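J.: Got a predicted model here, sequence first, then my questions.
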Amino acid sequence: SFGLHDKWVLPRYKLEFLKQEGYSMRYMVQGEKQSDTGETYVGNVNGADSSDPNGTWVVEKYTRARSDFPNQLEHYMNGRSIGHNVREKGGESAEERTARFREQVNALEERFGHFMQTHGEFSEIERTYNLTFNNYVAPERDTSALGLEGVSAQVKLHWYQNQAVRQLSEEGTGILGHDVGLGKSYQALAFSAYDRQMGRSKKHCIVVPKAVLANWYMESKKFLGNHSDVMFVGFEPKRSAGGDILQEPVLDENGNPKKNAHTGEIEFQDLLTEDSPAEVYQKMHQIPQSAVGLVIMTYEKFATIPMREESRAKYAAKWAEKSMMSRADADKIGKSYQEAKSELKAEGDFANDGTKKKQELPYFEDMGFDRVVVDEAHSFKNSFSMGADAQKLAYLPNPVPSQRARDMAMKTAWMREKFDGKGTILLTATPVANSPIEIFNMLTLVIDSAEFERLGIYTPDDFVRQFGMIQDVEKVRVSGEIVNTEGLAG
């Protein structure tokens with residue numbers, strides 16, 4: 001399909017079509033110009049032959065004067081919703097004018113699709129489309145045992161788990177979306193061991209909800225056999241006076257000691273004691289110098305790790321430029337670490353050792369992590385909200401951004417930049433949410449912006465337009481009145 005909103009379609013095709021339809025427009029992009037004195041400066045230049053998707057569409061004055069539709073067409077071509085800034089005019093209500101504009105735009109889009117499919121350069125257009133959207137063939141990956149060294153015999157991975165671990169390790173990023181009960185925790189632990197065994201990384205951090213931290217301790221101990229290469233932030237095993245780890249048998253559903261299915265031996269688990277705030281603080285400070293290959297901590301502890309001010313400012317400015325957050329939020333994030341800590345007033349958003357005295361932790365950039373694995377990653381699906389135009393679409397839920405999700409987005413962005421697009425693995429049984437914005441937010445944690453831009457997606461609104469089904473829908477107002485408007489239909 002082809003749409004006038006699609007940024008992958010070259011501007012010259014759109015200009016040719018619009019001229020054929022009787023709408024004379026210009027496509028302006030940023031480029032070098034020369035002043036009367038011969039000085040070079042950057043300004044708007046004709047981009048008819050440009051491939052830059054971020055130009056501005058301008059209706060010629062004589063076309064604008066013909067009717068009221070060209071103004072609306074200009075708004076539409078620049079990514080705004082139909083009905084942008086429409087008011088009552090000449091006895092015609094704003095709703096009636098918007099409905100009329102929508103009919104005209106829909107008819108125009110239908111003719112544009114036919115124009116593109118019958119164009120003399122359709123073979124080249126089709127090739128560009130396929131290179132953009134269909135240029136990927138999933139490789140067949142080995143399902144045999146991973147050959148992990150130094151792990152316990154108590155856990156045997158299934159074929160699909162071996163396959164997924166190999167894929168995640170080879171690609172260095174991705175979302176593991178297996179359903180509940182299919183062993184994502186063991187896959188994450190296997191990925192960490194396999195990826196480091198293959199020499200692709202050195203230090204991993206697994207970030208988990210506080211409620212399942214103890215489960216992760218038990219499962220990691222069962223899978224690995226011991227924690228000699230693991231730092232666990234939050235718990236330590238209880239020890240006897242002689243220093244031995246105290247254990248208890250694992251019980252089955254009948255209260256009897258449970259035998260392992262693979263070894264036939266009774267399973268035991270460590271008795272745990274929770275780390276004190278001072279012990280947590282000490283462990284967090286040990287991470288940069290520690291030689292351990294795996295660190296496991298909670299969301300809350302991960303969020304306390306600060307980023308350098310210049311990193312925060314850089315990503316905040318980039319996101320504001322792409323309309324992924326407001327300028328006000330970007331300015332807040334870009335402020336110094338101490339100013340932001342005072343301004344946000346959110347306990348746990350910044351470094352806090354849990355005592356009365358708040359102390360700084362090492363910067364995230366210095367922790368040495370080259371892979372971050374996030375458990376229950378759908379918890380971070382509200383990092384960004386829609387732009388002004390997508391917010392006008394009916395039936396499109398708009399998540400309220402959270403500081404914790406933005407912190408994760410910023411840290412994973414740094415990881416991708418540092419490690420050539422790699423570094424983040426997400427675990428979730430619900431990778432596809434109800435809103436395309438939530439899907440976009442999940443993907444931004446693992447996909448670099450360059451990959452989005454290859455598809456013509458530069459903002460959250462672009463994502464909604466590209467992958468959402470936008471149609472005329474009926475919406476009931478609070479007053480009970482039924483109106484026709486643009487909405488998300490699928």
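T.: That came through fine.
J.: where does the stretch 51-200 of the chain dip in pLDDT?
T.: Applying pLDDT under 70 to the stretch 51-200 of the chain flags residues 63-66, 84, 136.
J.: change it to 80
T.: Residue ranges of the stretch 51-200 of the chain with pLDDT under 80: 61-67, 79-86, 132-139.
J.: for it, what spans make up the helices?
T.: 61-64, 69-77, 94-117, 122-133, 159-171, 184-197 (DSSP state H, counting those that start in this stretch).
J.: Generate CSV for the ones you listed, with distance to residue 406 and mean neighbour count as supplementary columns.
T.: C-beta here means a position set from N, CA and C on the backbone, and glycine is covered the same way. CSV is the format used below for these (distance: least, Cβ to Cβ, whole Å; neighbours: other Cβ atoms under 10 Å):
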stretch, distance to residue 406, mean neighbour count
helix 61-64, 41, 14
helix 69-77, 30, 21
helix 94-117, 34, 16
helix 122-133, 29, 13
helix 159-171, 25, 18
helix 184-197, 24, 23
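J.: Using TSV, lay out those together with distance to residue 177.
T.: Listed next are the helices of the stretch 51-200 of the chain as TSV, based on distance: least, Cβ to Cβ, whole Å:
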stretch	distance to residue 177
helix 61-64	49
helix 69-77	35
helix 94-117	33
helix 122-133	21
helix 159-171	10
helix 184-197	9
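J.: between those helices, which gets nearest to residue 17?
T.: helix 94-117 (4.9 Å; Cβ to Cβ).
J.: quick one, the closest one and helix 69-77 angle?
T.: 70 degrees (axes from the mean of the first three to the mean of the last three Cα atoms, to 10 degrees).
J.: residue contacts, the residue lying closest to residue 266 once chain neighbours are set aside?
T.: Counting by Cβ to Cβ, 6 or more residues apart in numbering, residue 266 lies nearest to residue 257, which is 4.8 Å off, once chain neighbours are set aside. Residues near residue 257 by Cβ atoms under 8 Å, 6 or more residues apart in numbering: 249-251, 266-267.
J.: which of the residues you listed lies closest to residue 76?
T.: Comparing the contacts of residue 257 against residue 76 with Cβ to Cβ picks out residue 250 as the nearest, at 62.6 Å.
J.: I'd like to know how far that closest one sits from residue 195.
T.: Per Cβ to Cβ, to the nearest Å, residue 250 is found 29 Å from residue 195.
J.: do the same with residue 39
T.: For residue 39 relative to residue 195 (Cβ to Cβ), the value is 53 Å.
J.: Quick one: work out the angle between the strand ranked longest in the chain and helix 69-77.
T.: Longest strand in the chain, counting residues (DSSP state E): strand 25-34. Using the same axes, to 10 degrees, the inter-axis angle of strand 25-34 relative to helix 69-77 is 60 degrees.
J.: ok, and the closest non-adjacent residue to residue 18?
T.: Using Cβ to Cβ, 6+ apart and skipping the chain neighbours, the partner closest in space to residue 18 is residue 25 (5.4 Å).
J.: Same question for residue 85.
T.: Residue 85's closest residue in space is residue 75 (Cβ to Cβ, 6+ apart), at 7.1 Å.
J.: Test my guess that the one you found contacts residue 98.
T.: No. Using Cβ atoms under 8 Å, residue 75 makes no contact with residue 98, being 11.5 Å away.
J.: show me where pLDDT drops low in the stretch 251-400 of the chain?
T.: Looking at the stretch 251-400 of the chain by pLDDT under 80, you get 251, 261, 264, 267, 269-272, 320-360, 385-400.
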